[in-house]
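**Q** A predicted structure for the sequence below; I have some questions about it.
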Amino acid sequence: MEFFSAYQDMELDRMMELCAPQGNVAFVPLGRDYAGKIHEVGKGVWAALMDAFPDLGNTVIDQQYADKDDAVTCKVDIFGTQEKDFAGLPSKGKRFRSEHIFIFRFTDEDKIKDIQVDWRHDRFVSQLS
């Protein structure tokens, strides 16, 4: 939950402090180019989002822990108004609201070592087009 608090407050450095230095992230709908190290790929994507959507916010809808996978899955409503171009989408000043699924795995020191993020990218694009 601390990750989403930092995300809501747009405190990127605080988000990164919660993650292991060699942790991995995958923004599933965007493919291989958006998978890699949290402190590189993740930080870059979240910085671009925060820049393009200055009112970016989130609400955690549900959270579940799975013993067999040692994972925490969070269903999160992400929303904001686009004020700058983002990922090839020109800004038209439109607002989006999108349900995202985050799957987190942690180190023994409770640092995030893996994040998978999934959402209906086609809906995200259609709301901003």
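**A** Everything's here; your move. Numbering: from 1, shown residues only.

**Q** Need the pLDDT of the nearest residue to Tyr34 once chain neighbours are set aside.
**A** Closest residue in space to Tyr34, ignoring its immediate chain neighbours: Phe27 at 4.0 Å, by CB to CB, 6 or more residues apart in numbering. Just so you know, the C-beta spots here come from the backbone N, C-alpha and C atoms, and that holds for glycine as well. Looking at Phe27, its pLDDT reads 98.

**Q** got the contact list for Phe27?
**A** Contacts for Phe27 (CB atoms under 8 Å, 6 or more residues apart in numbering) come out as Tyr34, Ala35, Val41, Val45, Val117.

**Q** Export the residues you listed to CSV and append columns for distance to Thr73, neighbour count and secondary structure.
**A** Shown next, in CSV, are the contacts of Phe27 (distance: CB to CB, whole Å; neighbours: other CB atoms under 10 Å; DSSP: H, G, I helix; E, B strand; the rest coil):
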residue, distance to Thr73, neighbour count, secondary structure
Tyr34, 20, 17, helix
Ala35, 18, 15, strand
Val41, 21, 18, helix
Val45, 20, 17, helix
Val117, 11, 21, strand
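
**Q** sorry, back to before: roughly how far does the residue nearest to Tyr34 sit from Ile38?
**A** If you measure Phe27 against Ile38 using CB to CB, to the nearest Å, the figure is 11 Å.

**Q** and the spatially closest residue to Asp62 that is not a sequence neighbour, how many residues sit next to it?
**A** Among residues not flanking Asp62 along the chain, Lys75 sits closest, at 4.3 Å (CB to CB, 6+ apart). Residues contacting Lys75 under the criterion other CB atoms under 10 Å number 14.

**Q** Same check on Phe53?
**A** Neighbour number of Phe53 under other CB under 10 Å is 22.

**Q** Assess the claim that it and Glu83 are in contact.
**A** Yes: between Phe53 and Glu83 a contact is recorded at 7.0 Å, counting by CB atoms under 8 Å.

**Q** contact partners of the helix or strand hosting Gly36?
**A** Here Gly36, judged by DSSP states H and E, is contained in strand 35-37. With contacts defined as CB under 8 Å, 6+ apart, strand 35-37 is touched by Gln22, Gly23, Asn24, Val25, Ala26, Phe27, Val41, Gly42.

**Q** Appreciated, that's everything.
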